[in-house]
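[1] The sequence isn't on hand, but the structure is:
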DNA sequence: AGCACA
């Protein structure tokens, strides 16, 4: 429609609250910009380090007249606008507001997210990090972890001002060489702000510190040694074992709920906590057991198995670096079964007699006398009044980690007193769960109120913690 | 020295 939209140059520029500044010194800071512009009015937004050379910037005034006054002043001034002795050229921007593209990491807060590039986690101790960042103020807490981005640390200061001074001074810089092992050639710090305001440090360890609480217990399993990588017989690095399993769920055609995971993983011992989250477009879950042994048994047993028939929701298990999950007690993505609020533990159905704790030692399970086994199966197959067990109690009753054909009395739990929910695809009498790739749960059915976790777990007295 | 960002 309009006949022309030619670029607007100096003689035709219309005034704007937003000014475009160029020929700034390299990586001019926001503070320097504000110093230059604030005599003319209130600055409501800035954008620094713009352009390929990162030497341009935008400044938005609260009022158009303030921008006009700055442009007019320097248009007639004998002294040009300067930053660090460099002449700065100022024009009206061709836009009328700065679109705030500040990522969350640029929103100041008292906690910094520091990525230490080019190092292994073992190269930089938490003491070194503490030393470096303490130069700017009291460091309250540090938590370190390894992510895809590399070795990272969250560092909590008293306030955003202290955190900012540390960020401004250290972002892009390196930790002094004398604080690092000799083989480290470079270790640039990339620093942004975390959205956290208060880190939840549970233990003093080589990964995390709370300097405000010297009496915080030391976590023995998180200290040097146990959590270090173990070299296996093949010479490859083995994952250090953990009481927390990381489950990646492949081919997730059906929703996998906290309840479903609880049912599946409780077959091996008390599940203390569960957290489900998305990562790299897939679904993962952390499942916390009280001890490494239980986790190891569950890992061996469940690796490669599918939660549902037909290859759906295949589990891949590894050890997590976590030892104690910090999860919401009751949400759709997490559960803390160690919390003793009964209103949150309806799924545990207290009041049912605790069955003998036969599932704690899965190695022994196939050897159990048929009578005990049947009794146990029958007990857990009784649905609570008014409830329909939505998983297959027959499958649940069998140890999914390698039932040995012939040793499990398959007749006893097909008896008439036990309702059967055998999947049509599973021929009865076979031993489907001895092979990876077969289901651990009954298929979810559309339109049915599926409550896989709605009944007690075999042999698992509810764990209420202390 | 000459207009950003997803």
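    Okay, I see it. Only a predicted model underlies this, so the values are computations on that prediction, with no experimental measurement involved. Numbering: from 1, shown residues only, chains lettered A, B, ... in the order given.
[2] wait, what's in contact with the residue of chain A found nearest DNA strand B?
    As assessed by Cβ to the nearest atom of the strand, DNA strand B sits closest to residue A:95 within chain A, at 3.0 Å. No exception for glycine: its C-beta is placed from N, CA and C like everyone else's. Applying Cβ atoms under 8 Å, 6 or more residues apart in numbering, we find residue A:95 in contact with A:16, A:18.
[3] So which bits of chain A are right by DNA strand B?
    Contact residues (Cβ under 7 Å from any atom of the strand) of chain A with DNA strand B: A:8-10, A:13, A:18, A:20, A:22-23, A:47, A:50-51, A:53, A:55-56, A:58, A:89, A:91-95, A:97-99, A:101.
[4] domains in chain A, as residue ranges please.
    Taking the TED database as the reference, chain A has its domains at A:18-92, A:111-220, A:244-336.
[5] Give me the distance between the two termini of the first one.
    Just to be clear, that refers to domain A:18-92. In terms of Cα to Cα, to the nearest Å, the two terminal residues of domain A:18-92 are separated by 6 Å.
[6] Residues contacting the host helix or strand of residue A:335, please?
    Following DSSP states H and E, the helix or strand that holds residue A:335 is strand A:334-336. With Cβ under 8 Å, 6+ apart as the test, strand A:334-336 has contacts from A:258, A:262, A:272-276, A:325, A:327-330.
[7] Show me which of these are buried.
    A:258, A:262, A:272-276, A:325, A:327, A:330 (16 or more other Cβ atoms under 10 Å).
[8] Hmm, which of those residues is lowest in pLDDT?
    In terms of pLDDT, the least confident member of these is residue A:327, at 89.
[9] what's the pLDDT at the closest residue to that one other than its chain neighbours?
    Of all residues beyond its chain neighbours, the one nearest residue A:327 is residue A:334 (3.9 Å), with distances taken as Cβ to Cβ, 6 or more residues apart in numbering. The model reports residue A:334 with a pLDDT of 95.
[10] same question, residue A:80
    pLDDT for residue A:80: 95.
[11] Next up, the contacts around it.
    Contacts for residue A:80 (Cβ under 8 Å, 6+ apart) come out as A:74, A:87-88.
[12] so which of these is the most crowded?
    For the contacts of residue A:80, counting by other Cβ atoms under 10 Å, the largest number of neighbours falls to residue A:88: 23 neighbours.
[13] In contact with that one: list those residues for me.
    Listed by Cβ under 8 Å, 6+ apart, the contact partners of residue A:88 are A:21-24, A:36, A:80-82.
[14] Equivalent analysis for residue A:33, please.
    A:21, A:24, A:43, A:46, A:48, A:57, A:59, A:83.
[15] Now for the fifth one: which residues touch it?
    Listed by Cβ under 8 Å, 6+ apart, the contact set of residue A:48 reads A:27-30, A:33, A:57.
[16] Can I have the buried ones of those as a ChimeraX selection?
    Taking 16+ other Cβ under 10 Å as the burial criterion, the selection of buried members of the contacts of residue A:48 in ChimeraX is written as:
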select /A:28,29,30,33,57
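[17] In the contacts of residue A:48, find the pair that's most separated.
    Taking Cβ to Cβ, the two most distant members of the contacts of residue A:48 are A:27 and A:33; they sit 11.5 Å apart.
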